[in-house]
Every structure is written in structure tokens, then in C-alpha cells.
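Novice: Pasting a predicted model and its sequence here:
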Number of protein chains: 2
Amino acid sequence: MKICLAQLNYRIGDFEANTRKISEAIQEARTAGADLVVFSELAVCGYPPEDLLDYPWFIEKCEQSLEAVAESCQGIAAVVGGVMRNHDDGRSLYNVACFMQNGRIEHVVRKTLLPSYDIFHESRYFEPSDSVQVIDFMGIRIGIAICEDLWDMYNDFRYRKSPVKTLKEAGAKLVIHPSASPFQLGKMQMREKVFEGNADRFELPVVYLNQVGAHTELIFDGRSAALNRNGDEIKQLPAFSEALEYIAFDGNDFFGQPVTEEPKEEIVLLHEALIFGLREYFAKMGFTKAILGSSGGIDSAVVQALATEALGAENVWPVLMPSQYSTDGSVADATTLSENLGNAYTIAPIRGIYDAYMECLSPVFANRPFDVTEENLQARARGMLLMAMSNKFGHILLNTSNKSEMAVGYSTLYGDLCGGLSVLGDVYKMKVYALARYINREKEIIPQVIIDKAPSAELRPGQKDSDSLPPYPLLDEILEFYVERRFGKDEITAEGYDHQTVDRIINLVNRNEYKRFQAPPILRVTKKAFGKGRLMPLVARYV
Amino acid sequence: MKICLAQLNYRIGDFEANTRKISEAIQEARTAGADLVVFSELAVCGYPPEDLLDYPWFIEKCEQSLEAVAESCQGIAAVVGGVMRNHDDGRSLYNVACFMQNGRIEHVVRKTLLPSYDIFHESRYFEPSDSVQVIDFMGIRIGIAICEDLWDMYNDFRYRKSPVKTLKEAGAKLVIHPSASPFQLGKMQMREKVFEGNADRFELPVVYLNQVGAHTELIFDGRSAALNRNGDEIKQLPAFSEALEYIAFDGNDFFGQPVTEEPKEEIVLLHEALIFGLREYFAKMGFTKAILGSSGGIDSAVVQALATEALGAENVWPVLMPSQYSTDGSVADATTLSENLGNAYTIAPIRGIYDAYMECLSPVFANRPFDVTEENLQARARGMLLMAMSNKFGHILLNTSNKSEMAVGYSTLYGDLCGGLSVLGDVYKMKVYALARYINREKEIIPQVIIDKAPSAELRPGQKDSDSLPPYPLLDEILEFYVERRFGKDEITAEGYDHQTVDRIINLVNRNEYKRFQAPPILRVTKKAFGKGRLMPLVARYV
């Protein structure tokens, strides 16, 4: 049996384009002599459709699209993911994979395990399946395990069911595994562990078919694969791009040398993922041009370099907005950066705007001393200028805050927290430095002085981040314990950190939930990003 | 058996205060001769704790608090809601109600039906119970049905289990129903329907014990009750306040005349709920003072009146920020409003700030014509001024956008969308008018001219909302079909609306998801508010 792995990039809700893409892949696979072609989870509607699933027209379109795709399955079979109605009691929908041939849907396999954690909300929409079925095709018994159905014991908890175990018991010889598995750092190792664990338990070959493409925050890397009974990858599809690949199945296993590609370093993956996420956001939103505030600091420098690679130098507009507290160095460094990247930049000093605000406010402020108010005013004047340019010319504002700052609230709401998309909101400060060094791997793109200088918001004379924050290496470690690993204060202190520092940092994180509530969507690259995958109460007492 | 209904206001995560409050209620009930005292769902930690449940220390505190409360149950029994660990496979937690007496937890009842829709995300945290148990107490068989466990068939879908049916079959004579059921318009009628339906099916008396208090967006109205076998309310606790009430149970039913209180009009409830939500947000956040932009329009007038009632006239600071496009009338009307309400107001004209922005931008804009950019600049200059005053003096900025505007994006991100809390974000424009009339029910508080004038953002000469939006009565109807009732375009058109108008409005709603993504938390008063209960993709194609 010749199997085609069709790793495609869908757009959520674009049934026409998705259906066309799927049907074309089916034609191509048939022409190439494939017997079966496999697509990803919820292929016809894209993943995740979220509350669009609450709209009956959306479900109708899903079902119609599945029917339409089935019609094109002549002389070839396909496994296509989608949504179907549940006409019985329980939640009104099923997450399904349709087995199609002879121009129709011959089997509907429903998902059993519904991920409901982090950015997954599947129990919100779907009724779980209470049975599995094995499909006979060309004399081979095929089991279909949709995404989480193969991950029953690799979570913080263990599911009470193992769909693959049941498939094995029902005589399956091959597992088709349509998925929508988002990229995150360390995910590749996690997937490997899952595939190895399943190979140990079931000795079943697996066709893993992941979606590729980004949807706002979520980056799907593709990197589908065919794995033999030992869990070795015999065929591997590329990361971050569409691909159709073929592999032969003899009824027993996949044969060939395991893929022995050197795993990429984390920083390389991070760099690729952010550029892909950026490019996808613009492409799918129909935007081409970006604008950002270029401060001469490391965060905006990295965002500017990433955006230039993603969108092209001519499509990135850096704006330098010095205030009376900006150092000459900052303007010079930002200028050099733009010259290195080939971005045409604008300088718009904010002094006049700042003065106008202070003049308007002086009767109210009545000589109260300079405090965070005046610092925020500068950040906000910049945000408003950038939004005005964005409005006038249609460039999309990129947010340049990093995860460390967002975590502790070292950012101004409606100021540097503005933007249509946050590029670094899931990247801790030390990783931002690593990105800068990686961007400079061949030549100096980001001026070394930007990497070397002490971080400063430059909102008052001589200000340094280290005046009010612990050193970033320490801060990032504690944040990772608290945000990603969900350690409490005592547990972090037990790891050898100073009690008062831990207390202070965690209190800052908690106190600043309100700012993150109004932050832009963040490209998600870790297992716990701020945003939709982290629901925290605002009004609460955090111990 | 004398039962105490303890309707209390908890703070999420404040175990010390919650535990103290519960223990004191137990003492008071014992002193009053009660045999059993009932508390609401997740009483020890407050509802909803959201992802705080992912932190092991939080769960430990929950379990410790339940133990501590149990110790105070001497000579009295109590039903107390909380969270406990699941030591078996499956999700790591249970949503439980503990039956306590003799100083210890004697029974742990787990919730079976886990609401996972709208603002509920319980499948994210809890393993469902797979059994129910009946508790013998003073010779009476008591069943405990936690919140959704009694709502098995009153949803858009029907659950596959009916815990109350199983309790009835197991011989229960009384149902204890600890809940966390948020307020929304029409919810009272919905609850009535549920209680009547259950009375028809099971003929079991019910002690309904709801939490009271607001947590950011969510307003819990309390209004607990004891219902007899016919589903009549024999005892009713107040809405929006704490209360301990007592009722006798003879082993068979509750006796007494059904409560015959005239149901309050919707506008009265809405008014009460918003004031309660506002007051709670400030009280629980430890804030006392509010600031808002007072434009002379209806939305800010209603917010100002509500805030004055919630926080006191001296704690509400209206700021009038006229631009060159503001009419004299607006300033005069806003002044009159503040005088009527007794709020000390400030006038801060934004012309100088606007000019400073335009001067800074003029080399960039190079004589391009006035467009939405300049309109937004005015809204944003106001937002920044309000935030500066908020920063300097500690007043919390109230957002004054209404639901109709938020829906169609007739609002400026980082401008009038600023604020710590949105008071009217779940109130359509026509309901804002109704609120204004209600506020004026005894005397003219909001100047009639504010109610009568044509709505205008006053961001360019002679601007009226009706220039670019359909009339509000029509707009609100279509929005309600789309947002609350989840009708599609064709279905709304089939209700008799003009196809093009429907298309235009729905496209506006879809295109503006990105603005709402960064909007403040919204006091939720309908069954579908923008915010955490409505997850919509940004990058998507909406048909």
C-alpha cells in the first residue's frame, strides 16, 4: 500500500480554500499512484476553530466540505479530519476523521480523548467517542487515533482510556494519527517520547500527520512522519512548510533507514518558529507591512530583524522616538540597526507631545513630583504615534515586549504593550539575547553595542532595568519555575533561591495580571505562554 | 431538621478569610439551633479559581481549609464546597462537596457534570465523578447535587447522565444543591424552569445555595432558596447580599406559603447587578476611587451615575476633555450631569496635545487628508490623559463603551477602549438608554438633553453615529441574534432583516475581534458577553 502524507496549511473557516487544497492533494496523490492519502485533524475547517463551532452554519459547512472532498476520492482512499454533529444526547459535536473512498464517506472515526488544558478547549465543544473501530482497507486492518488519542499517558495526568490499546486489541496493524499539534520548544523531544512509548507498548507503525501553519498565537510546525514498529522515523516531512510525501506499507511495517538528521539547536528552532509565526500572521490577515518602535534596545532590535526576515526589508518601518531621557547612543544604535537591515526609518521626537500633555495636566498635577506617571506618558506617547502612523498608512504595529517584562509588568499598558501581535511575549529576556547572537551568527546585523549595553527603558535619567528588577538570568529562572512549571513560592525557594526575591517576583507576576489581560496576542513558543492558554483571575487574593 | 442556608461572599484564593467566614457561619447556625448548614460550590477557595487550580500549593490550601472547617463542625453538620485531589488516573482534581460532622469530613461527594461552555471551563481541571452517593443524616437520606449536576437537561445539549435521577433511585428524600451560578438577565426564569422541571421529574425538595459576590467579570447574585417538592420557593434569600436563613425540614418536604414576591423588572435587575459588580470590583481589589471620561454622551453619563451610586459621589472623578470638534452643548451637559451627581469634575481640553501630535506627525503625514487616524488621535489623547491622572492619583479608569459599539468596533483601541473595568460592555445601546431613564425615575439626574440628543463620537465636525451605523434599535436586534443566539447571516436575514445590513454588521463584528482581544474585562450580564466566555479566532476567514 502506498500512502501519501499530505501536510497542508489551512485557514480557519475558509472551507472553500481548504476543500480545494485537500481535493487537489488527493488528485496529486492518485496521479502518483498512492492508495491512501492522510490529512491532519479538523483539516476542512482548520484548527482551532474555537467558538465558531457554536454556529450551526459553521458545522453545516464542515459537513458539506467533508462530503465534497469524499466525492473526489475515486480510485484512492483518504483520511480527512473535520467536525460532525452528534444527533444523540451529549455535546452536539464530534471531532472526527472520515475514511473516504468510492466517492463517499465510508467510516467516521470519532475522537475519544479531548484535550482540555492550556490552549486546548475541546471538551467545550465535543462529545467524546465511547468506542473505537478498525477499518479494513486493501486487506489491512487500520486504526485511526486522532491526536490526543495517542497521548493517553504522556500528560500531567493519565487518561482513563487508551484508544490505541483498544485498536491494537481489535487487530489494527497500522495507526493513522491525524493531528493538530502546536510547536513549542522541547515539543519534538516530547513527541519522540510519546512515539517511543507507544512503540514499546503496542509495536504498531504510525502515520503521524500534523497541520502546518500559524493561527494568531498558535504555530503548527508540521513535521509529520511515518514511524515503524520500533518508533523510528522512516519518513519525515519538513517543519514549517507544506509537503506531500509517499511511503510504502507492506501490511506489517514501514521499511527503510531511520531518519538520522541531527536535531536542530533550540535557538535555531525558536528563530524559525518566530519568523514563520510572523509571516503567517501577516499572510493570513492579508497584511504586508509592519511598523515598530525602534528604541536602540535589544528587544526592538530582535523584533526588527525577525520582521525583516519574515516580511522583507522594504516592508518593515522602524520609528525612532527619542525623548529627553533617551541617550544619544540609543538613537545612533537604532539608526545603525536600520541601516544594517536596510529598513527605511523615521525619527519622531516625542518631546513636544510630552510637553503638551504636561501642560494640559499641570493644573491637575500641581507640582507633584515626577513618578511612574511621567514615565508611562513617554511610553504612551510613543504607542499613540505608532498607532497614528499605522492608521494612516496601514502598517501593522508589532509589539516588542519580552516575556520577562510582561511577566513582572515592567511595561506600560497602552504604551509599549500596544500592538497587533507580540513577537517576543513568550521569549524570556535571556533568550532574546540568544536570538540576537544567533541573528548575528554570520555578520553583525544587530550592533554589538545593543547586545552589550545594560537594559534600560530610558524613561528617566540614568534608569536601568536592574534598578528595580533582579538580574535577568535570575529573574528568568524564577519566572520559568512559576509560570511554566507552576511551582509555588516555597517550592521555588526550596530550589535554592532567595526567599524575598522569589516573593517579590511572584507578587509582581500576580499583581500584573490586569496588564496581560489587555495585551496583544503572543506568538506561543513554550508550553505555557501568557494569553488564552493561561486563565488567571484578576480579582483574587494570591498567597 | 433545621437547615441553615449560608449565602456568603468569598474571595478567590483567600483561604484564611473564606475559612474564617465559613466557620463563623457554622458557629452562628449552631447557636441558632440548626442541625445542618449549607454553603456554596467551591466555598473555601471561591469560584472560579481558574488556573490557580494548576498550582499544587493552591490545592493543598483547599484541602487544609476543608479540614479546618470540618474541625469546627461539632454538634452541627455542614455541606462545604471545595477541591480535592484525585489520586487515581484521570484529571488530577475533583470538584467536591464535603459532608462534615463530629469534627471531620464524613463524606466527599464529587461533581458529575462539569460545565464547559461560555465562562465555564471545568473539564479543564476536574475528573467527573462516576457515581453518586446518598448520605444518611438524622434518619433522612440526603443527596448532594453540585450545581450543574441538577441541570442535566436544560442546556443547548443534554448530558448523558442525570445525577439527581440516580439520587432519587438511591432513595434520596432531599437534595442539597451547592452552586456557583452567575447572574445574567433572564437567568431567574431559567432557574425557575430548571427547578420546576426537576420537581416534575423527581418530586424532591431542594436546598439551592448560591455564592454571592462578583469576581472581575462574573456577578454572582446569591438568591439562594429552599424549594418544596412542587418546585415552589418556600424560602428565598436576598439577591446581591450575604445572608443566613433557616428552614425546617420534616423528612418529607418544606412547608409554608410559597414566596410570592413580584419579580423585578429586567431594568431594575440590570441596574442592581451593574452597581453590585462595580462595587465588588473596587472593594475586592482594594480600590476606592474611580475616574472616567465624561463626554456629555449617554454612555459615560450612565457609567458616571452607576459609579456614583456604587462608590459614592466623592469617589468618582469625571474628566471633561473637549476637542475642537466637541460641541459647546456636550461640555455644558457633562457639567450639569456632574453637578447633579455631586461629582467634582475637571476640564482638560485636548487641543494642545492633538496639535503636538499633528506637528510631530506632519513630516510623515505630508498633507494627507484627515481620516480615522485623526479621529483616533483624539480618543487616544483622552485615554492617555485619563491614564496619567489615574497613575498620579490612584483612581481606577472606568471604561464607558457599550456592547453595540464594542461589537462593531465603533471604538478606538487604546482610546475609549482603555480602562480597568468595562461597566457597559455587555449592555446594548438601547438598554443603556433604558438604564438612563431608570436612573432618572425619580428626578432628572442625567440631563434629558443627553438622553435626547443623537449619539455622536464628536471626532469630526457634525459627526453622528448614524452616519456609519444602522439605527441602534435595528443594530442591537441583529447583534443579539448573532452574538447571543448564534444565528448565521442567512438565518438572521430569514428573520426579516435586510440582507446587506446583516452582512455589513456581521462583517464588522468579525473584523473587530482584534480590538475586543485587548479590551478590559466586562461586567457580564447576558448569557454571552465578550471576553473569556467567547473564544473567537483572530486569524480566520469568517464566511
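Specialist: Structure's in. What do you need? The shown structure was predicted, so the numbers you read here are calculated from the model rather than taken from an experiment.

Novice: what's near enough to touch the nearest residue to A:R91 once chain neighbours are set aside?
Specialist: Nearest residue to A:R91, sequence neighbours excluded (CB to CB, 6 or more residues apart in numbering or on different chains): A:E127, at 4.0 Å. From N, CA and C alone the C-beta is placed, and that goes for glycine too. Applying CB atoms under 8 Å, 6 or more residues apart in numbering or on different chains to A:E127 gives the contacts A:N86, A:G90, A:R91, A:S92, A:L93, A:Y94, A:R110.

Novice: Please repeat the previous calculation with a cut-off of 10 Å.
Specialist: Going by CB atoms under 10 Å, 6 or more residues apart in numbering or on different chains, A:E127 touches A:86, A:88-95, A:110-111, A:114, B:157, B:160.

Novice: Now rank those residues by neighbours and give me the top one.
Specialist: The most crowded member of the contacts of A:E127, judged by other CB atoms under 10 Å in any protein chain shown, is A:N95 (29 neighbours).

Novice: Tell me the spacing between A:M384 and A:V303.
Specialist: As for A:M384, its distance to A:V303 is 19 Å (criterion: CB to CB, to the nearest Å).

Novice: between these two, which one's more packed in?
Specialist: For A:M384 versus A:V303, the count of surrounding residues by other CB under 10 Å is larger for A:V303: 31 against 27.

Novice: show me where the stretch 1-150 of chain A has helices.
Specialist: Ranges of helices within the stretch 1-150 of chain A are A:15-31, A:56-71, based on DSSP state H, counting those that start in this stretch.

Novice: Mind giving me the packing neighbours of the shortest one?
Specialist: Spelled out, it's helix A:56-71. helix A:15-31, strand A:77-85, strand A:93-101, strand A:104-110, helix B:489-494 (3 or more CB pairs under 10 Å, 6 or more residues apart in numbering or on different chains; DSSP states H and E).

Novice: For B:G342, find the nearest of these.
Specialist: Closest approach to B:G342 among those (CB to CB): helix B:489-494, 44.2 Å.

Novice: Could you list the buried residues of whichever helix or strand comes after that closest one?
Specialist: The C-terminal neighbour of helix B:489-494 among helices and strands, as given by DSSP states H and E, is helix B:499-511. Within helix B:499-511, the residues scored as buried using 16 or more other CB atoms under 10 Å in any protein chain shown are B:V502, B:I505, B:I506, B:L508, B:V509, B:N510.

Novice: residues making contact with the helix or strand just after helix B:499-511?
Specialist: Downstream of helix B:499-511, the next assigned helix or strand under DSSP H and E is helix B:513-517. Contacts with helix B:513-517, where a contact means CB under 10 Å, 6+ apart, come from A:216, A:285, A:396, A:420-421, A:518-521, A:531-532, B:401, B:406-414, B:417, B:425, B:509, B:522, B:530-531, B:534, B:536-540, B:542.

Novice: hey, which helix or strand in chain A has the poorest pLDDT?
Specialist: Every helix and strand of chain A was ranked by mean pLDDT, DSSP states H and E. The lowest is helix A:465-468, at a mean of 86.

Novice: Quick check: which helices or strands does the following helix or strand past it pack against?
Specialist: Using DSSP H and E, the helix or strand that directly follows helix A:465-468 along the chain is helix A:472-479. The helices and strands touching helix A:472-479, judged by 3+ CB pairs under 10 Å, 6+ apart, are helix A:403-408, helix A:429-439, helix A:465-468, helix A:489-494, helix A:499-511.

Novice: quick check: angle from the last one to helix A:472-479?
Specialist: What it means is helix A:499-511. 70 degrees (axes from the mean of the first three to the mean of the last three CA atoms, to 10 degrees).

Novice: Helix A:499-511 near chain B at all?
Specialist: Yes. Against chain B, helix A:499-511 shows contacts by CB under 10 Å from any CB of the partner chain at A:N510.

Novice: pLDDT of that helix, averaged?
Specialist: Helix A:499-511 carries an average pLDDT of 96.

Novice: Can you spell out which helices and strands pack onto that helix?
Specialist: Short answer (3+ CB pairs under 10 Å, 6+ apart): helix A:499-511 packs on helix A:403-408, helix A:472-479, helix A:489-494.

Novice: circling back: near chain B at all, the least confident helix or strand of chain A?
Specialist: No. Using CB under 10 Å from any CB, helix A:465-468 stays clear of chain B, with a minimum separation of 15.9 Å.

Novice: Now find how far off-centre that helix is within its chain.
Specialist: Put simply, helix A:465-468 sits 30 Å off its chain's centre (CA atoms, centre = their mean, to the nearest Å).

Novice: export that helix as PDB, just CAs?
Specialist: What follows is helix A:465-468 as a C-alpha-only set of coordinates in PDB (Å, rounded to 0.1, in the frame of the first residue of the first chain):
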ATOM      1  CA  ASP A 465      16.300  47.700  34.500                       C
ATOM      2  CA  SER A 466      18.500  46.400  37.200                       C
ATOM      3  CA  ASP A 467      17.400  49.400  39.500                       C
ATOM      4  CA  SER A 468      14.100  47.700  40.100                       C
END
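
Novice: Break chain A into its domains for me.
Specialist: Listed by automatic domain parsing, the domain ranges of chain A are A:2-250, A:268-465.

Novice: near chain B, which residues of the stretch 201-350 of chain A?
Specialist: Residues of the stretch 201-350 of chain A lying near chain B (CB under 10 Å from any CB): A:213-218, A:280-286, A:317, A:319, A:321, A:346-350.

Novice: Keep only those of these that are in helices.
Specialist: A:E280, A:Y281, A:F282, A:A283, A:K284, A:M285 (DSSP state H).

Novice: now the stretch 351-500 of chain A, which segments are flagged as low pLDDT?
Specialist: Nowhere does the stretch 351-500 of chain A drop to pLDDT under 70.

Novice: Three-state assignment for the closest residue to A:V483 other than its chain neighbours, please.
Specialist: With sequence-adjacent residues excluded and distances taken as CB to CB, 6+ apart, A:V483 is closest to A:K528, at 5.5 Å. Using DSSP: H, G, I helix; E, B strand; the rest coil, the structure places A:K528 in coil.

Novice: Could you pull up the residues touching A:K528?
Specialist: Listed by CB under 10 Å, 6+ apart, the contact partners of A:K528 are A:118-119, A:184, A:426, A:480, A:482-486, A:534, B:51, B:54.

Novice: just the helices in the stretch 301-450 of chain A please.
Specialist: Under DSSP H, counting those that start in this stretch, the stretch 301-450 of chain A gives helices at A:328-341, A:351-365, A:372-393, A:403-408, A:429-439, A:448-452.

Novice: Counting neighbours, which of the residues of the stretch 201-350 of chain A next to chain B end up buried?
Specialist: A:213-218, A:280-285, A:317, A:319, A:321, A:346, A:348, A:350.

Novice: what separates A:K284 from A:L218, distance-wise?
Specialist: Following CB to CB, the distance that separates A:K284 from A:L218 is 12 Å.
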